[in-house]
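Colleague: Fold the following and give me the result.
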Amino acid sequence: MIIMKNRWAKATLTAILFITIFLAIGWNAAEAAFGRKIVVFNPAVVNEPAQEALVKAVGGVILKDLPLINGKAVLLPPQAEAALGRIPGVVRIDPDVIVEAFGKPPKPPPAETLPWGVDRIDAELAWATSTGTGVKVAIVDTGIDLDHPDLQANIKGNVNTINPRKTGDDDNGHGTHVAGTVAAIDNDIGVIGTSPTAYLYAVKVLSRTGSGFLSDVIEGLQWCIDNGMQVVNMSLGTSSNVQSFHNAVIAVNNAGIVQVAAAGNASGGPVIYPAAYEEVIAVSATDSTDTIASFSSIGPEVELAAPGVNIPSTWKGGGYNTISGTSMAAPHVTGTVALAIAAGLTDVRATLQATADDLGATGKDIYYGYGLVDAEEAASGTQTAAPRLPDVSTQNKLATTWGYLKSK
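Modeller: Residues are numbered from 1 along each chain as shown. Now for the predicted structure:
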């Protein structure tokens with residue numbers, strides 16, 4: 001009994017120390033001092049009340065529950081991690097690593113109605129078959145500008161896993177850009193998305209800086225399952241292969257949700273996570289000549305390629321922006337998935353592989369995967385024609401327009 005009293009006394013003192021640090025120097029410093037972790041429990045050994053008691057007994061602070069992986073996001077004093085890890089019923093303690101959006105610095109937007117990337121993958125030719133109507137697409141990112149005139153009608157829901165008291169409104173711009181490439185409305189202003197009548201859901205897991213904790217991403221994926229999403233776009237990632245992240249991705253896959261993710265901007269370096277997981281469609285970036293972008297990550301995990309250089313799309317504050325990155329490539333594929341689902345296709349992933357326009361070496365390769373995604377053929381489910389080469393005259397017109405806009 002004396003031992004228990006001492007343990008709880010120590011935990012109380014630790015909690016008081018955390019509060020003191022928090023009040024003195026702020027939340028970020030307090031997190032740094034304690035260490036943010038993901039603790040995964042074996043529910044057959046430790047029930048929910050016991051999980052909370054174990055964390056608190058070592059002086060930990062519970063931040064949020066992660067039922068998707070039977071875990072909790074917690075703050076732990078450095079000396080407490082080892083002690084907690086030795087307790088029966090604790091499966092493991094993972095780092096709650098930082099997950100970042102992979103976009104390039106923004107540029108002023110051109111004024112195309114049909115972005116060159118949407119045109120390049122023949123999305124407008126697919127619209128006679130499907131426009132993605134009613135397909136539920138989750139943008140797991142920095143949120144979406146909920147009032148954007150080119151997106152608002154397609155936005156059907158939102159959540160903020162960083163701060164549940166707030167909405168999924170975008171305070172960075174990255175998520176809004178991704179959303180526009182997926183499903184900007186055909187309404188005679190701004191841009192048109194790949195699947196212009198798909199339903200958008202803002203799942204805000206990254207902060208205004210474009211980064212956030214893995215636990216917030218995992219909670220966002222739980223929300224996607226609970227709310228019946230059909231497609232998830234993750235234009236984000238980390239170089240850390242964390243088992244909790246993979247378990248969450250597996251759970252989403254088992255729920256029948258198609259997951260698309262950016263390969264990363266490592267300039268020829270390896271594909272990042274979650275794109276590197278086999279359950280996810282990893283997308284590399286190409287330019288207007290169908291050449292792999294210099295910044296794109298590459299590797300055997302790359303499944304498809306899509307336009308990712310100088311992509312115009314929607315931006316926060318009701319605006320538009322042109323940026324580059326594999327973050328911009330992934331939503332072209334996500335929109336194509338929505339087109340295929342709305343067209344009634346079932347094995348969507350296999351269809352996208354079979355109908356992709358082969359680039360580079362014959363067959364699947366580390367740069368383009370199975371090739372450039374082809375929205376028209378994916379929506380129809382068949383390879384209907386030889387790959388369409390870039391329309392040089394159209395590209396010249398876009399370049400001329402862009403030069404004119406920059407001069408104004």
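Colleague: Stretch 271-290: which residues count as buried?
Modeller: Neighbour-count burial for stretch 271-290 flags 271-277, 279-288, 290 (criterion: 16 or more other C-beta atoms under 10 Å). For the C-beta atoms, the positions are set from N, CA and C on the backbone; glycine is no exception.
Colleague: ditto for stretch 240-248
Modeller: Within stretch 240-248, the residues scored as buried using 16+ other C-beta under 10 Å are 242, 244, 245, 246, 247, 248.
Colleague: mind listing what the third one touches?
Modeller: Read that as residue 245. Residue 245 is in contact with 214, 217, 218, 238, 273, 274, 277, counting by C-beta atoms under 8 Å, 6 or more residues apart in numbering.
Colleague: Distance of residue 273 relative to residue 44?
Modeller: As defined by C-beta to C-beta, to the nearest Å, residue 273 lies at a distance of 28 Å from residue 44.
Colleague: So residue 50: helix, strand or coil?
Modeller: Counting by DSSP: H, G, I helix; E, B strand; the rest coil, the backbone at residue 50 sits in helix.
Colleague: now swap in residue 134 and tell me
Modeller: With three-state DSSP as the basis, residue 134 sits in coil.
Colleague: What's opposite the spatially most central residue of the chain in the beta bridge?
Modeller: In the chain, the residue lying closest to the centroid (C-alpha atoms, centre = their mean) is residue 234, at 1.6 Å. Beta bridges link residue 234 to residue 261, judged by DSSP bridges.
Colleague: For residue 139, give me its contacts.
Modeller: So, once contact is read as C-beta under 8 Å, 6+ apart, residue 139 ends up touching 175, 178, 179, 182, 200, 201, 202, 203, 233, 331.
Colleague: Format these as JSON lines; extra columns: pLDDT and neighbour count.
Modeller: Shown next, in JSON lines, are the contacts of residue 139 (pLDDT from 0 to 100; neighbours: other C-beta atoms under 10 Å):
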{"residue": "175", "pLDDT": "98", "neighbour count": "33"}
{"residue": "178", "pLDDT": "98", "neighbour count": "32"}
{"residue": "179", "pLDDT": "98", "neighbour count": "32"}
{"residue": "182", "pLDDT": "98", "neighbour count": "31"}
{"residue": "200", "pLDDT": "98", "neighbour count": "29"}
{"residue": "201", "pLDDT": "98", "neighbour count": "25"}
{"residue": "202", "pLDDT": "98", "neighbour count": "27"}
{"residue": "203", "pLDDT": "98", "neighbour count": "30"}
{"residue": "233", "pLDDT": "98", "neighbour count": "32"}
{"residue": "331", "pLDDT": "98", "neighbour count": "33"}
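Colleague: out of these, which one sits closest to residue 101?
Modeller: Using C-beta to C-beta, residue 175 comes nearest to residue 101 of the contacts of residue 139, at 7.8 Å.
Colleague: pretty sure the closest one is touching residue 144, no?
Modeller: Yes. Counting by C-beta atoms under 8 Å, residue 175 touches residue 144, with 5.4 Å between them.
Colleague: Common neighbours of the two, please.
Modeller: Listed contacts common to residue 175 and residue 144 are residue 202; contacts here mean C-beta under 8 Å, 6+ apart.
Colleague: on that earlier part again, can the contacts of residue 245 go into a markdown table with extra columns for secondary structure, pLDDT and distance to residue 72?
Modeller: Shown next, in a markdown table, are the contacts of residue 245 (DSSP: H, G, I helix; E, B strand; the rest coil; pLDDT from 0 to 100; distance: C-beta to C-beta, whole Å):
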| residue | secondary structure | pLDDT | distance to residue 72 |
| --- | --- | --- | --- |
| 214 | helix | 98 | 13 |
| 217 | helix | 98 | 15 |
| 218 | helix | 98 | 11 |
| 238 | strand | 98 | 20 |
| 273 | strand | 98 | 21 |
| 274 | coil | 98 | 21 |
| 277 | coil | 98 | 22 |
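Colleague: want to try TSV for these, with distance to residue 168 as columns?
Modeller: As requested, the contacts of residue 245 are exported to TSV (distance: C-beta to C-beta, whole Å):
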residue	distance to residue 168
214	18
217	14
218	16
238	21
273	23
274	20
277	24
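Colleague: Enumerate every residue touching the residue nearest to residue 156 when sequence neighbours are not counted.
Modeller: Spatially, and ignoring its direct neighbours in sequence, residue 156 is nearest to residue 199 (4.5 Å; C-beta to C-beta, 6 or more residues apart in numbering). Counting by C-beta under 8 Å, 6+ apart, residue 199 makes contact with 134, 135, 136, 137, 154, 155, 156, 183.
Colleague: Would you mind checking those for buried ones?
Modeller: Looks like the contacts of residue 199 have 135, 136, 137, 154, 155, 183 buried, using 16+ other C-beta under 10 Å.
Colleague: tell me the two of those that are most distant?
Modeller: Between all members of those, the farthest pair (by C-beta to C-beta) comes out as 135 and 155, at 13.8 Å.
Colleague: what's the residue nearest to residue 293 when sequence neighbours are not counted sitting at in phi/psi?
Modeller: Once flanking residues are discounted, residue 293 sits nearest to residue 285: 4.0 Å by C-beta to C-beta, 6+ apart. As for residue 285, its main-chain torsions (degrees, to the nearest 10) stand at phi -110, psi 140.
Colleague: How about residue 338?
Modeller: Main-chain torsions, residue 338, degrees, to the nearest 10: phi -60, psi -40.
Colleague: wait, doesn't it sit right on residue 132?
Modeller: Yes. Counting by C-beta under 8 Å, residue 338 touches residue 132, with 3.8 Å between them.
Colleague: Quickly list what's touching both of the two.
Modeller: In contact with both residue 338 and residue 132: 183, 194, 195, 198, using C-beta under 8 Å, 6+ apart.
Colleague: how much space is there between the first one and residue 224?
Modeller: Taking C-beta to C-beta as the measure, residue 183 and residue 224 are separated by 16 Å.
Colleague: How many residues are close by residue 360?
Modeller: 17 (other C-beta atoms under 10 Å).
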